[in-house]
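> Task: produce atomic coordinates for the following.
(3 chains)
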Amino acid sequence: MKNPYLPVIVKVKRAYFESDDRSLKTIDVEKPEGFSFLPGQFCEISIFGRGEAPFGIASAPSEDFLRFTINKAGYVTTAIHWLEEGDEIGIRGPLGNYYPVELFEGKNVLIVSGGFAFTTLRSLLLYLLEERERYKNIILIYGARRPDLLLYREELFELEKREDLEIHLTVDTEFPGWTRHVGFVPQVLERVNPPAEDTYLVMCGPPAMIKFTLPVIEKLGFPPERVFTSLERRMKCGIGKCGRCNIGPYYVCRDGPVFSLDKLRSLPREY
Amino acid sequence: MRRIKKEAIEKKLKELAKDYRIFAPMNGDVKETGGEFEECFPRLSGKCAFLPPEEEILRYKDGKVEETPEDKPIILFGIKPCDARAISLIELAMRDEKFPDVYFLRKKEKGIIVSIACKEPGDTCFCTSFGHGPFSTQGSDALLVEKDDYYLVLGNEKFFKLFGEGEEAREEDKEYFEEAKKRAEEKIEKIPIDNLGEKLLSRIEDPVWEKISRKCLNCGACTFLCPTCYCFDIQDLERSWGVSRRRYWDSCMFSIYTKEASGHNPRPTHRERVRNRIMHKFSYYPYLYGEFGCTGCGRCVVYCPVNFDIREVLKILGGSG
Amino acid sequence: MIERIREEARKAFEEGKIEILIGFGRGTLRATPIFIEKKEDVDKLIWDDTCWINLATYLRRFRGKKTGIVAKGCDARSVVALIAEKQLKREDVYIIGVPCQGMKNEKGEEFLSCRYCEYPTPPVYDVLVGEKREGKKENYPDVSEFESMPPEKRWEFFSEEVKKCIRCYACREACPMCYCEECFADSLDPRWLEPGLSLSSLQFWHLVRAYHQAGRCSDCGACERACPMDVKILYLTRKLNKEVRELFGFVTGLDPEALPPLGTYSTEDKEEFIL
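All right, here's what the predicted structure looks like:
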């Protein structure tokens, strides 16, 4: 029996702040031998002495490092923010399920995101772009409160130039030097008005964004079985044993975090 | 069925204490003893042998991760059949192809569970509701029934190899067994549980949950004493030599159980937490593993400070109360 | 007395004084808390010697609503203590005061805090449903007995008791004064105590919880009664209440306007322990 509680030790290759207020930090770490995953999965990161916490993998499966972007919110995340190049951490993974990329083949993919929930969607976007011809239209709508809170924006500005990809970046209110969309994500989604036919929608964002985007999704005619989201929960074991992250009979760490909307509708409203 | 002299078993148990860790009821709770045991209905159940309240799951020393070394195998002796059943129910959740809980499973595989049948059930017991009862053998390597200075034994190879086989049981022993079993089962209340899982699921947003859960204090008494509850927390402890990562009994009743670092709590009030506990034991568990996550031992009824009675609640939710 | 409780409850609903009433009803093993929202249900109210929970612990859940509570002496003092700490408004609580005859456990033995109870009659109430009862005079024989033990014996007694604890926090949740959003025992930053059942963690938990009750505790004993492991803890809180009385001349829960002694500073505060 392999012990699923033991982390592997890896070194931090790069560590840098994403946002001006230093609330968001990205760390790129060594990828352990034989580590293979699909977009949507997460790892439990250990800072020995402080604890473990789950983070979505933001790097693409083909990249030679694992990327995580962490918001400083509590005990473990504060310790992660102290990390610098050369420090060691433990990781356990890949855990959880992944975005159903097999279903997306030959279809349009619409990605809707807000704030720092974008992490696993970077993984998904890059994964889809690697074999671009397998998918039809790919559209990304991604918003944040301010430009400096948009993750990986330099990379996204580059990707904007591509012809085979439609990217709509937005910030909540006017900002000096910002020439793109202004408005909340649900508003921009309505403005862009993508067709629902033959399209899969993947959505990740803070609870407030999800709450106001769901009615727009319904209005545009996306059926719940073609809408996927990634849920967040307080997690400890990450492997469906400690009992705390369940919604109904499903454990978000093991049977999720990716769920389709129609599956969520059948479960108690505990999110 | 075999019959073994009580003396012989007690003596053997003390001998085995050299190579095994013996857990048995003593002074009202199950604890680690040197081979002594008391016949009683223990308050703290047998789960503490295989899932201790505090257990180290790894060490971080000199930059390396070390697995906690295994200890001596365990003999859990003298518990009630409901507690033995409960441990096999916990095993259903711990056994997993992809992510086996190695610590629990290793202990369980090498361990032995010996239960003593309940000839005098309590008035809060309702174990027969789940198709088993005070003389159930599920989850035990051996079931002992006291008869004068003998134990009548229904056991497996593992048990007989360690404790000896004694003699073949006599006709009168078998009759005594059946009599005592029937008498004990008659005393126990049977709660109607047909289709309970589905019934609960259909009532998940029903306002009845608010009424039922109002008096719950959200302390952890029921969960810590419950023989089938297994939720745990994991925390790191810094020591002079490194870091010890341990797991501790936790409770879904605590308000901070699901509270996220952002402050958001998907189960913010007593209503959601009580609902989740009841749904988990009586709806999700049977959906996932085919068995209810409750053995009807009645501890939660006896020790709840506000007399929250799961029997009453199940009758109301099942639509017959 | 039961009839008077029901009568007063019915009147309170009829006169629109309360929207919800917290009282005791018949449970399967003993009296159990019930929550009444319609005057037709007041017949479910009972009163006997198994009503040992402190119902004040539920009041904060119904803030904003006009709440009635069937309160014995110690419960009413807890209500007053909550009002003094600005957790409740006096005008939102309607106290149906019950002069208490004392509570017993399942073996029929009187609880310790009832044996030495000084305030069986609620000192503050909206209506009283019986004859006022006299309490014992100021009297902490249990505490004096503990104080007479030499320090090593006291520490040994305390350690042996807390070893039984499993940190289920039934004591904390049963207590009306333990309402902190984040209890110090759960705090990670700073991490005041480690999780688990090491002796030092258990000692820390009980000692500090007792200290957090000083000057706020009404001696209701719900903590010790709720404990499933029979850990004795009352002697700690009662000792601290005795000290608060000696140092500050303050008894919890008699005056809703009085400021809690550990929450204020007065130039008359005794200073012998410093000077």
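
> What is the neighbour count of residue 133?
No chain was given, so I picked chain A. Counted with other CB atoms under 10 Å in any protein chain shown, the neighbours of A:E133 add up to 6. For glycine as for every other residue, the C-beta is placed from the backbone atoms N, C-alpha and C.

> um, chain C though
16.

> Got phi/psi on it?
Main-chain torsions, C:R133, degrees, to the nearest 10: phi -110, psi 140.

> now it: how far from chain B?
Distance check for C:R133 against chain B: by CB to the nearest CB, to the nearest Å, it reads 25 Å.

> shouldn't that residue be in contact with C:C100?
Yes: assessed by CB atoms under 8 Å, C:R133 is found in contact with C:C100 at 7.0 Å.

> Need the overlap of contacts for those two.
Both C:R133 and C:C100 are in contact with C:P120, C:T121, where contact means CB atoms under 8 Å, 6 or more residues apart in numbering or on different chains.

> Break chain C down into its structural domains.
C:2-128, C:141-263 (automatic domain parsing).

> For residue 88, give me its contacts.
Answering for chain A, as no chain was given. A:I9, A:V10, A:K11, A:V12, B:G63.

> meant chain B actually
Applying CB under 8 Å, 6+ apart, the residues near B:S88 are B:Q138, B:G139.

> Now the closest residue in space to A:F37 that isn't next to it in sequence: phi and psi?
Leaving aside its sequence neighbours, A:F37 sits nearest to A:P94 (CB to CB, 6 or more residues apart in numbering or on different chains; 3.6 Å). Dihedral pair for A:P94: phi -70, psi 140, per degrees, to the nearest 10.

> Next: the one 3 residues further on.
A:N97 adopts backbone torsions of phi -100, psi -180, taken as degrees, to the nearest 10.

> wait, doesn't it sit right on A:V252?
No: counting by CB under 8 Å, A:N97 stays clear of A:V252, with 9.9 Å between them.

> Neighbour count for these two, which is higher?
A:V252 (26 against 19).

> show me what contacts that one?
Here A:V252 is in contact with A:G96, A:L231, A:E232, A:R233, A:M235, A:C245, A:N246 (CB under 8 Å, 6+ apart).

> count of neighbours near the residue in the stretch 101-250 of chain C that chain A sits nearest to?
Closest contact between the stretch 101-250 of chain C and chain A, by CB to the nearest CB, is at C:L188 (4.3 Å). Counted with other CB under 10 Å, residues neighbouring C:L188 total 15.

> Now do the same for it: its pLDDT.
Per-residue pLDDT puts C:L188 at 88.

> same question, A:V185
The predicted local confidence for A:V185 is 93.

> Equivalent analysis for B:E39, please.
B:E39 is given a pLDDT of 85.

> now do B:D236
B:D236 is given a pLDDT of 94.

> Could you do C:M1 as well?
Turning to C:M1, the model gives it a pLDDT of 82.

> Any figure for the gap between it and C:F35?
21 Å (CB to CB, to the nearest Å).

> who has more neighbours, the two?
C:F35 (19 against 13).

> at contact distance from chain B, anything in the strand or helix carrying the more buried one?
Here C:F35, judged by DSSP states H and E, is contained in strand C:31-36. Yes: applying CB under 8 Å from any CB of the partner chain, one finds strand C:31-36 touching chain B at C:A31, C:T32, C:P33, C:I34, C:F35.

> Compare these and tell me which has the most neighbours.
Going by other CB under 10 Å, C:P33 tops these with 24 neighbours.

> That one bridge partners, please.
C:F24 (DSSP bridges).

> likewise B:R245?
With DSSP bridges as the rule, B:R245 is bridged to B:L58, B:D236.

> didn't it look like it was pressed against B:D233?
No: under the criterion of CB under 8 Å, B:R245 makes no contact with B:D233, lying 11.3 Å away.
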